[in-house]
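[1] what's the 3D shape of this:
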Amino acid sequence: MPEFVAAIDQGTTSTRCMIFDHAGREVSRHQLEHQQIMERPGWVEHDPAEIWVRTVEVAATALASADLKTDDIAALGITNQRETTVVWNPKTGKPYYNAIVWQDTRTDKIAAALERDGHGEVIRAKAGLPPATYFAGGKLAWMLAEVDGLRAAAEKGEALFGTIDTWLIWNLTGGRNGGRHITDVTNASRTMLMNLETLDWDDELLAIFDVPRQMLPEIRPSSDPNLYGTVEPRGLVAEVPLSAALGDQHAAMVGQVCLDKGDTKNTYGTGNFMLINTGEEIVRSDNGLLTAVCYKFGDAPATYALEGSVAVTGSAVQWLRDQLGIISDAREIEGLARTVEDNGGVYFVPAFSGLFAPYWRSDARGIIAGLSRFNNKGHLARATLEAICYQSADVAKAMESDTGLALESLKVDGGVTNDELCMQIQADVLGVDVVRPVVKETTALGAAYAAGLGVGFWKSPDELREHWAEDRRWTPESSPEQRAAGHEKWHRAVERTFGWVDVD
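    Residues are numbered from 1 along each chain as shown. Okay, the predicted model is just below:
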């Protein structure tokens, strides 16, 4: 009997394969970065072909490094950067254009026009999302309008749309030779094209975006006992059942075992993503949060979530490294921030792609406020960590207002949680305990859990609860007065980002 489950975690900056045993312990991993293509201000693209090559490489290496064979793997799950949009030719297997990344803001005029023309409320009511540059529907509409010959190809059935999960599933299950054109409910719920109640593509929404239905993949449960297909022998985990797919933040909810109503987690990656499980209830936000499918296991009813998405958190650290050069490795930021006692009055709002939840201001751009001759790079490093935490605190406040539930503690995961100073700042800013699990990379773990459930490797979600274990807890050290003063200055800095660009 196979003793392990594998997960492909295709993220914004890298792709990795992780392998887990029945106890949810990591057995092996391999990870490779891919190119960030930014040819114009606000444009962010990836090469889908490069991502596919990286997927093959990391899977093969993860297996080899653990001396495992495909017979040892019970199932494969996929988790992915959401909203990033790919369109390709099913006959050639070649993309018509680079993948447009979720951070990309070129569709700001499309989003503004949707609001101006009165479509915003329909999209909110049916899809649970505001018209914004973030989501895949606008990116697809842009491609159909701007890429030569694409609309004609789409109408002839010669163009397939998908988020990254769909692109990988199609390639994994055969590509040009019968690859399956499939997505799951969590990724579909981030397009502005799926109806949250029917869990299917909505004709009215398709008409608003002028998207041909024949481009769209079949929507399936996140964990599917009927399987997404079997991986074809193309150089990686061949003949393994592909039994799960979830968007990255939904996978992290499963990996954190946030399976009960009210369970909340925050993932710290390129951006930050806080979700609260709302059970089978679709909760509409009055405070700038997003309504989405949390997950759907087989024939069971869908579980929903409220989410607050923050566009730039970990990528602000990369900006310090790559654009400013004040650190040479992202891990250096903690040491640099510890060279000062506080932020020295400096507040950094990294609104590089506008502001996401709870503000949804595509006209905003980043600022550094409060500078004096006294300040140095240590203050900027600390302000960057604080920006990660203040943005998450804004989301937590909106979440409490929408649900009426007070945040008692926060489960955290993702690479930034290795920064212990940042996690202490998060506890101080929120005023609640921050708890990190033993397995910090819960996105891949969640995809593995879902895949294992799909083939009976784990018998039920209750079995997963037994595997969660606490690694580290941070308790607030700040006073209520200190928290209030910090929030007040943060919000003054946020307000100064508004109206920086004209999106009309």
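[2] for the protein, give me the ranges with low pLDDT.
    Residue ranges of the chain with pLDDT under 70: 226-229, 232-238, 503-504.
[3] one more time with 50, if that's ok
    Counting by pLDDT under 50, the chain has low-confidence residues at 235.
[4] and the closest residue to Gly345 other than its chain neighbours, how many residues sit next to it?
    The shortest distance from Gly345 to any non-neighbouring residue, by C-beta to C-beta, 6 or more residues apart in numbering, is to Gly370 (4.3 Å). All C-beta atoms are positioned from the backbone trio N, CA, C, and that covers glycine. Gly370 is flanked by 17 other residues according to other C-beta atoms under 10 Å.
[5] tell me where the stretch 1-150 of the chain has strands.
    Along the stretch 1-150 of the chain, counting by DSSP state E, counting those that start in this stretch, strands occupy 4-10, 14-21, 26-33, 45-46, 73-80, 85-88, 99-100.
[6] can I get these in TSV including mean neighbour count?
    Below are the strands of the stretch 1-150 of the chain laid out as TSV (neighbours: other C-beta atoms under 10 Å):
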stretch	mean neighbour count
strand 4-10	28
strand 14-21	23
strand 26-33	17
strand 45-46	22
strand 73-80	29
strand 85-88	26
strand 99-100	26
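[7] need the nearest residue in space to Pro461, chain neighbours excluded.
    Leu259 (5.2 Å).
[8] separation between the residue nearest to Gly345 and Phe348?
    As for Gly370, its distance to Phe348 is 9 Å (criterion: C-beta to C-beta, to the nearest Å).
[9] what is in contact with the two at once?
    Ala493 (C-beta atoms under 8 Å, 6 or more residues apart in numbering).
[10] which one of the strands of the stretch 1-150 of the chain lies closest to Leu246?
    Leu246 sits nearest to strand 73-80 of all the strands of the stretch 1-150 of the chain, at 5.3 Å, using C-beta to C-beta.
[11] that older thread, assess the claim that the residue nearest to Gly345 and Tyr347 are in contact.
    Yes - taking contacts as C-beta atoms under 8 Å, Gly370 lies within contact range of Tyr347: 5.5 Å.
[12] helix/strand/coil for Asp165?
    Using DSSP: H, G, I helix; E, B strand; the rest coil, the structure places Asp165 in helix.
[13] list the contacts for it?
    Gln10, Ile78, Thr79, Asn80, Thr183, Asp184, Asn187, Ala245, Leu246, Gly247.
[14] and whatever helix or strand His250 lives in, how far from the chain's centre?
    For His250, the element it lies in under DSSP states H and E is helix 248-255. Put simply, helix 248-255 sits 9 Å off its chain's centre (C-alpha atoms, centre = their mean, to the nearest Å).
[15] now what about it, what contacts it?
    By C-beta under 8 Å, 6+ apart, the surrounding residues in contact with helix 248-255 are 9, 11, 77, 79-82, 186, 222, 246, 259, 263, 265, 267, 269, 273, 275, 277, 292-295, 305, 307, 309, 413-414, 439, 441-447, 449-450, 464.
[16] that helix: what's the following helix or strand?
    strand 264-268.
[17] what's that following strand packed up against?
    Here strand 264-268 touches helix 248-255, strand 272-279, helix 377-403, strand 409-413, helix 442-455, going by 3 or more C-beta pairs under 8 Å, 6 or more residues apart in numbering; DSSP states H and E.
[18] returning to that earlier point: quick one, what contacts the residue nearest to Gly345?
    Applying C-beta under 8 Å, 6+ apart, the residues near Gly370 are Asn343, Gly344, Gly345, Val346, Tyr347, Lys489, Ala493.
[19] recalculate using a threshold of 10 Å.
    Gly370 is in contact with Asn343, Gly344, Gly345, Val346, Tyr347, Phe348, His379, Ala383, Lys489, Arg492, Ala493, counting by C-beta atoms under 10 Å, 6 or more residues apart in numbering.
[20] among these, which pair sits farthest apart?
    His379 and Arg492 (17.2 Å).
[21] more neighbours: the two, which one.
    When neighbours are counted by other C-beta under 10 Å, His379 comes out ahead of the other of His379 and Arg492, with 25 against 12.
[22] if we can go back for a sec, how about the strands of the stretch 1-150 of the chain in JSON lines, adding distance to Val501?
    Putting the strands of the stretch 1-150 of the chain into JSON lines (distance: least, C-beta to C-beta, whole Å) gives the following:
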{"stretch": "strand 4-10", "distance to Val501": "30"}
{"stretch": "strand 14-21", "distance to Val501": "30"}
{"stretch": "strand 26-33", "distance to Val501": "29"}
{"stretch": "strand 45-46", "distance to Val501": "20"}
{"stretch": "strand 73-80", "distance to Val501": "29"}
{"stretch": "strand 85-88", "distance to Val501": "22"}
{"stretch": "strand 99-100", "distance to Val501": "19"}
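[23] list the residues that contact both of Gly370 and Tyr347?
    Ala383, Lys489, Arg492, Ala493.
[24] narrow these to those that are buried.
    Buried members of those, scored by 16 or more other C-beta atoms under 10 Å, are Ala383, Lys489, Ala493.
[25] Lys109: which of these is nearest?
    Ala493 (26.8 Å).
[26] count the neighbours of Tyr304 for me.
    Neighbours around Tyr304, by other C-beta under 10 Å: 23.
[27] quick one, what contacts it?
    128, 189, 196, 261, 276-283, 291-296.
[28] that one is in what secondary structure piece?
    strand 303-310.
[29] same thing with Ser285?
    Per DSSP H and E, Ser285 falls between elements, in no helix or strand.
[30] what is the burial count for the closest residue to Asn418 other than its chain neighbours?
    Closest residue to Asn418 apart from its sequence neighbours, by C-beta to C-beta, 6+ apart: Lys440 at 7.1 Å. By other C-beta under 10 Å, 20 other residues sit near Lys440.
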